[in-house]
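Enquirer: generate coordinates for the sequence data below:
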Amino acid sequence: MLRIDPRSPVPLVEQIRRGIRRAIAEGDLAPDDPLPPVRQLAADLEINLNTVARAYRELEREGLVAAARGRGTVVVARRSSVKLGRDELRARVRDLLADAALAGYARDEVKKLVVAEAGRRSG
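Expert: Residues are numbered from 1 along each chain as shown. Predicted coordinates for the structure are as follows:
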């Protein structure tokens with residue numbers, strides 16, 4: 001379900017958070033789907049359980065998951081339930097372009113990647 005790269009400059013907690021957000025956005029995780037228990041995911045990823053717990057807490061603060069007694073952590077958000085204004089989306093695109101430029105990618109290369117990813121999944 002989730003892959004992390006320990007060599008990435010992106011913190012592990014952020015990789016987990018992004019991976020779960022992506023799974024919700026792409027429909028791989030739906031409302032009421034359980035997330036793996038913190039201990040299990042930490043063992044599967046071979047990382048500290050506090051890292052997984054922190055990612056789950058951040059997702060809960062975002063309103064994407066909830067801790068349910070007896071059920072563990074479950075997805076509560078629907079793909080359309082996260083509000084993202086056009087200005088915020090535009091700012092995120094600008095950040096992506098800035099990050100890509102700093103990493104040495106040309107805008108045309110980034111555009112091709114975005115188009116390819118957008119075509120990979122409909123929705």
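Enquirer: domain map for this structure?
Expert: Using automatic domain parsing, the domain parsing of the chain gives 12-79, 86-120.
Enquirer: could you pull out the buried residues of the longest helix seen in the chain?
Expert: Determined from DSSP state H, the single longest helix within the chain is helix 86-102. Buried residues in helix 86-102, counted by 16 or more other C-beta atoms under 10 Å: Ala100. Yep, even glycine has a C-beta here, placed from its N, CA and C like the rest.
Enquirer: OK, contacts around the residue most central in space within the chain?
Expert: The centroid of the chain falls nearest to Arg18 when counting by C-alpha atoms, centre = their mean (1.9 Å). Residues near Arg18 by C-beta atoms under 8 Å, 6 or more residues apart in numbering: Val10.
Enquirer: tell me which of the domains of the chain sits most buried.
Expert: For the domains of the chain, the largest average neighbour count (mean count of other C-beta atoms under 10 Å) is found in domain 12-79, namely a mean of 16.
Enquirer: wait, Leu2 sits on Arg17?
Expert: No - at 10.3 Å, Leu2 does not count as touching Arg17 under the criterion of C-beta atoms under 8 Å.
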